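>>> Okay, sequence plus prediction incoming.
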Amino acid sequence: MDRKILPRVLHTVRCMLQKRGYVVPEQREIPLNKHGLVVREKLSFIAQKQDDEDVSLRVHFIDDSKLMSRDIEAACDKTTKSGTKHVIIVAEIVVMSHINNQIRTQTSKNGMHLEIFSFAELMIDITEHELVPKHIVLSEEEKLAVLKRFCTTEAKMPKIKQNDPMAKFYNMQPGQMVQILRKSPTSGSSEYYRVVEQT
């Protein structure tokens with residue numbers, strides 16, 4: 001199963017990072033052990049921000065099928081040793097209720113920025129789906145310009161949850177604003193704005 005699914009998952013991760021503005025290292029062959037099984041952790045890699053070499057993150061694949069607290073701790077340790085505090089953890093199965101405490105610990109005590117994805121969330125690049133409108137994360141200056149244009153405040157703007165699939169894909173943070181461009185049969189395209197809300 002891994003040999004069929006992992007290449008798709010890895011491809012989506014790479015596309016996701018490129019769309020976030022990261023330089024992704026060349027893809028290697030899927031690593032196998034002596035029994036012909038995929039060694040998932042060896043798929044892990046570091047990516048650097050295209051316009052700032054000081055900004056980087058680690059993509060960490062979990063070998064076990066289900067993500068456990070000990071896996072998060074190990075991933076964060078390896079991420080810190082690699083010189084960054086931002087990690088994307090990819091696991092076959094993720095049950096958030098089992099790992100929320102560990103996430104809070106790593107975030108509050110160690111200043112780690114964690115993103116967690118299951119294989120199912122990464123089977124396709126959702127930004128390429130014909131039914132998904134284009135999402136553009138705005139800068140702070142662009143956000144203020146939108147608020148001024150509509151004579152409104154951030155609190156009155158429509159919201160998008162931080163765990164929305166598109167918000168997760170682009171790692172949107174609470175308070176950020178996203179422009180959504182929908183195709184319209186009458187006007188060609190319509191634009192909408194949402195402010196990211198913490199889940």
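Nice, thanks for sending it over.
>>> Tell me the bridge partners for the closest residue to L67 other than its chain neighbours.
Spatially, and ignoring its direct neighbours in sequence, L67 is nearest to A91 (3.8 Å; C-beta to C-beta, 6 or more residues apart in numbering). Using the backbone N, CA and C atoms, a C-beta is placed for each residue, glycine as well. Beta-bridge pairing of A91 under DSSP bridges involves S118.
>>> Could you double-check that A91 lies in contact with I62?
Yes. Using C-beta atoms under 8 Å, A91 makes contact with I62 at a distance of 4.1 Å.
>>> hey, what's in contact with both of those two?
Shared contacts of A91 and I62 (C-beta atoms under 8 Å, 6 or more residues apart in numbering): D71.
>>> and the helix or strand containing V178, average pLDDT?
Element membership for V178 (DSSP states H and E) is strand 177-184. Average pLDDT, strand 177-184: 92.
>>> could you say what helices and strands it packs with?
strand 134-137, helix 140-149, strand 188-197 (3 or more C-beta pairs under 8 Å, 6 or more residues apart in numbering; DSSP states H and E).
>>> Now do the shortest one, average pLDDT.
Yep, that's strand 134-137 we're talking about. For strand 134-137, the per-residue pLDDT averages 96.
>>> got it, and stretch 59-73?
90.
>>> Show me what counts as buried in that stretch.
V59, H60, F61, I62, L67, D71, I72 (16 or more other C-beta atoms under 10 Å).
>>> OK, contacts around the second one?
The neighbours of H60, taking C-beta under 8 Å, 6+ apart as the test, are E41, S44, A75, K78, T79, V87, I88, I89, V90.
>>> The fourth one should be in a helix, yeah?
Same thing as K78. Yes. Judged by DSSP: H, G, I helix; E, B strand; the rest coil, K78 forms part of a helix.
>>> circling back to that earlier point, from the contacts of H60, list just the buried residues.
Looks like those have E41, S44, A75, T79, V87, I88, I89, V90 buried, using 16+ other C-beta under 10 Å.
>>> Which of those residues fall within strands?
Among the buried ones among the contacts of H60, the members falling in strands (DSSP state E) are V87, I88, I89, V90.
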